[in-house]
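Engineer: Sequence below, structure please.
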Amino acid sequence: MGETDKDAGSTASNGGRRHGGLKVLDPAISRFFEQLPQKLGNGFKLPLKMIKRENERANSRSSSLRNLSKTLTDFEVNLEKQMQAWHENPVWVDQAPEVKVSVPKGSLCNLNVNVNVGLPPDAVYNIVTDPDNKRVFKNIKEVISRRVLVDEGLRQVVELEQAALWKFLWWSGTISVHVLVDQNRADHSMKFKQVKTGFMKRFEGCWRVEPWFVDEKLCYPLKPKTWEDYNSCTGGKGRIGSKVSLDQLIQPALVPPPPISWYLRGITTRTTEMLITDLLAETARVRGGLNPVKSGNNHELSDNTLDKQLEETGDIKERWALRRRLMKQRDRRVLSGQ
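Structural biologist: Coordinates of the predicted model:
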């Protein structure tokens, strides 16, 4: 009987503890079930937020691509309209560029060249940035490598290595040029900078092409500020040219003393003159719609004569006077269809 009471008491005690434990757990369980919907909701919200952000980024990329496509289309349409004015009136005489040579301390030279070109900025920019412009610029012997590092449509960053020719009096040779080129059609600029130092400690510079209203006098007394205004006041006949500038700094690892530094500076100046001459020759070909096959022999003869006579001419003004005479002859051939 005693054992029975004892067992009963023990059972009651255990039951009390169990009930007490349940009473203790009840608030925790209640809170868990109360918070469960909120936790599940938060668990779903995070993926939903990520999906939403990804959709926003995708929409932004899609919008940027649409805007870029529209920009490129506008550029092509505008260039076609601008070129039409040049096709209707290709008469143009190239002028000698303005070349300034300075010698900053510790460098070989800083060259600044400015020249007016008879083509719209986009057309000139196409020539300067053409991956195959070896056919235009005679001082480029070979494109060793070309790799596009960044492509944002209107802007590209390109790693470029070329073998460039140089010639001065009875000296000639090639030099490897390895540069990073940042070209931006939005402002028609092309910046270049040497990748690795070697023989050249610094080799850097920038091409810039700016619009120029060639026939602005047709708008007098108005002074157009935009292409739309210019196109309107000239009845679509106004030609747009380009103001091209090239600024470059050349600093060898060891600057030689005179007279060697004079010779190297002369080589650099002549090489830059060759670039501008080749650019002007190509713009004349584009401007006149010249058939290279039909008149290739005439150009070859002119180029050979030019090289020979330029080598015999030491003064820069005389060299450019000679170039102007040859360019006038070429323009007359273009206009006569020969």
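Engineer: Helices of the stretch 201-338 of the chain, start to end?
Structural biologist: 227-233, 260-288, 292-311, 316-336 (DSSP state H, counting those that start in this stretch).
Engineer: which of those has the lowest average pLDDT?
Structural biologist: Of all the helices of the stretch 201-338 of the chain, the minimum mean pLDDT falls on helix 292-311 (a mean of 47).
Engineer: how about low-confidence regions in the stretch 101-250 of the chain?
Structural biologist: For the stretch 101-250 of the chain, applying pLDDT under 70 flags the ranges 167-170.
Engineer: Tell me where this structure has strands.
Structural biologist: For the chain, applying DSSP state E gives strands covering 98-102, 109-117, 140-151, 155-168, 171-184, 189-194, 200-213, 240-252.
Engineer: So which bits of the first one are buried?
Structural biologist: Using 16 or more other CB atoms under 10 Å as the test for burial, strand 98-102 gives Val99. (C-beta placed from N, C-alpha, C; glycine too.)
Engineer: again with the fifth one
Structural biologist: Along strand 171-184, the positions that meet the burial threshold by neighbour count (16+ other CB under 10 Å) are 175, 177-179, 181-184.
Engineer: who does it pair up with?
Structural biologist: Partner strands and pairing direction for strand 171-184 (DSSP bridges) are strand 155-168 (antiparallel), strand 189-194 (antiparallel).
Engineer: Relative to Asn89, tell me which of those wins on proximity.
Structural biologist: Smallest distance to Asn89 across these (CB to CB): 28.3 Å, for strand 189-194.
Engineer: Could I get the buried residue list for the closest one?
Structural biologist: 189-192, 194.
Engineer: any idea how far Val91 lies from Arg287?
Structural biologist: Per CB to CB, to the nearest Å, Val91 is found 9 Å from Arg287.
Engineer: What of Arg135?
Structural biologist: Going from Arg135 to Arg287 by CB to CB gives 17 Å.
Engineer: Who has more neighbours out of those two?
Structural biologist: Higher neighbour count among Arg135 and Arg287: Arg287, with 22 against 11, using other CB atoms under 10 Å.
Engineer: Which residue is the nearest non-sequential neighbour of the more buried one?
Structural biologist: Among residues not flanking Arg287 along the chain, Pro90 sits closest, at 5.0 Å (CB to CB, 6 or more residues apart in numbering).
Engineer: burial of that neighbour, as a residue count?
Structural biologist: 18.
Engineer: contacting residues for the closest residue to Leu249 other than its chain neighbours?
Structural biologist: Once flanking residues are discounted, Leu249 sits nearest to Asn110: 4.9 Å by CB to CB, 6+ apart. Asn110 sits next to 101-104, 247-250 when contact means CB atoms under 8 Å, 6 or more residues apart in numbering.
Engineer: In the sheet, which residues pair with Asn110? Tell me.
Structural biologist: Ser102, Leu249.
Engineer: any idea how far Phe203 is from it?
Structural biologist: Taking CB to CB as the measure, Asn110 and Phe203 are separated by 12 Å.
Engineer: what does Leu279 give?
Structural biologist: Per CB to CB, Leu279 is found 20 Å from Phe203.
Engineer: what sits against Cys219?
Structural biologist: 213, 229-230, 233-234, 238.
Engineer: Turn those residues into CSV, including distance to Tyr263 and neighbour count.
Structural biologist: Listed next are these as CSV, based on distance: CB to CB, whole Å; neighbours: other CB atoms under 10 Å:
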residue, distance to Tyr263, neighbour count
Phe213, 42, 21
Asp229, 50, 15
Tyr230, 46, 24
Cys233, 51, 17
Thr234, 49, 19
Gly238, 46, 23
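Engineer: need these in a markdown table with distance to Val143, can you?
Structural biologist: Formatted as a markdown table, the contacts of Cys219 follow (distance: CB to CB, whole Å):
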| residue | distance to Val143 |
| --- | --- |
| Phe213 | 35 |
| Asp229 | 41 |
| Tyr230 | 37 |
| Cys233 | 43 |
| Thr234 | 40 |
| Gly238 | 37 |
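Engineer: Closest to Val157 out of the residues you listed?
Structural biologist: Nearest to Val157 among those, with distances taken as CB to CB, is Phe213, at 31.6 Å.
Engineer: Correct me if wrong: that closest one contacts Asp229.
Structural biologist: No: counting by CB atoms under 8 Å, Phe213 stays clear of Asp229, with 9.5 Å between them.
Engineer: circling back to that earlier point, just flag the most distant two among the buried residues of strand 171-184.
Structural biologist: Ile175 and Asn184 (26.8 Å).
Engineer: What residues does Val136 make contact with?
Structural biologist: Contacts of Val136 (CB under 8 Å, 6+ apart): 127, 130, 278-279, 281-282.
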